[in-house]
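Student: below is the sequence, then the predicted model.
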Amino acid sequence: MSDQWLFESETYDNCNCAINCGCQFNLPTTYGFCQSAYIGNIVKGHFNGTPIAGLKWAALYKWPGEIADGNGVCQIIIDERADQAQRAALETIISGGACKHLSNVFAVFASTCSKFCETLFLPIDLEMDLEGRTARAEIPGILKSNAAPKINEFTNEPFHVALARRSGSFEFTYAELGLGTTSVTGDMEMAFEDTWALFCIHHFNQDGLVRERSGLSAWLCQ
């Protein structure tokens, strides 16, 4: 692989499935189709020498049926603060390029999409607590989203659910789960309420998922 890059993002994902999203449990989607909004903040990264840390991004997806059946639509949104080189770098990574075949979630999803809408360059407002399972995101004129932990109906306290993926994942090694509500307007219009929310570290390079224990899982050693 001639391109050399690193993409480490604190990421929040909200899709229209129930909290047992089929993507993670090798099951069909909850309602027979998938709609999803990823929003992230890059904490470390570069692309062939171009720094990308500190920039935010979003990727919106819609599939008419199961993801594996294809015909998906994608729209990428990149932090308006990115310069021309950074915009090109992020668009390449998020569209699934410059990496080994199907080696990360962007590449896998891109392989199932038949249409990519125009990439947008907009301000992305994102506040996120990965361990607390909370998020608030807004992209003016396009997206509003928020998330919180699932509440235990017996104790009324936050219910802790997490996923550890030692192998078999092209997206993360560890993720915290909650419930999110998202509305999207424009080319990718969609809306869902109190559905699957995932909080993870997306840690990829040109070879695929970097299998390194996430700082999110530090509590496992306590």
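Tutor: Structure received.

Student: residue 170 contacts residue 104, doesn't it?
Tutor: Yes: using C-beta atoms under 8 Å, residue 170 is in contact with residue 104, at 5.5 Å. The way it works is simple: take the backbone N, C-alpha and C, and place the C-beta from them, glycine included.

Student: ok, those two, which is more surrounded?
Tutor: Comparing residue 170 with residue 104 by other C-beta atoms under 10 Å, the one with more neighbours is residue 104, at 25 against 16.

Student: the closest residue to the more buried one other than its chain neighbours - how many residues pack around it?
Tutor: In this structure, residue 104 finds its nearest non-sequential neighbour in residue 204, 4.4 Å apart by C-beta to C-beta, 6 or more residues apart in numbering. Other residues lying near residue 204 total 24 when counted by other C-beta under 10 Å.

Student: just checking: what are the partner strands of the strand or helix carrying residue 204?
Tutor: Element membership for residue 204 (DSSP states H and E) is strand 190-205. Sheet pairing here is set by DSSP bridges, and for strand 190-205 it gives strand 5-15 (antiparallel), strand 174-184 (antiparallel), strand 208-209 (antiparallel).

Student: gap between the residue sitting nearest the centre point of the chain and residue 48?
Tutor: By C-alpha atoms, centre = their mean, the chain has its centre lying nearest to residue 38, at 3.5 Å. When distance is defined by C-beta to C-beta, to the nearest Å, residue 38 is 23 Å away from residue 48.

Student: ok, residue 79 next?
Tutor: For residue 79, the distance to residue 48 - C-beta to C-beta - is 19 Å.

Student: these two - which one has more neighbours?
Tutor: residue 79 (22 against 13).

Student: I figured that one hits residue 124, correct?
Tutor: Yes: the criterion here is C-beta under 8 Å, and residue 79 meets it with residue 124 at 5.4 Å.
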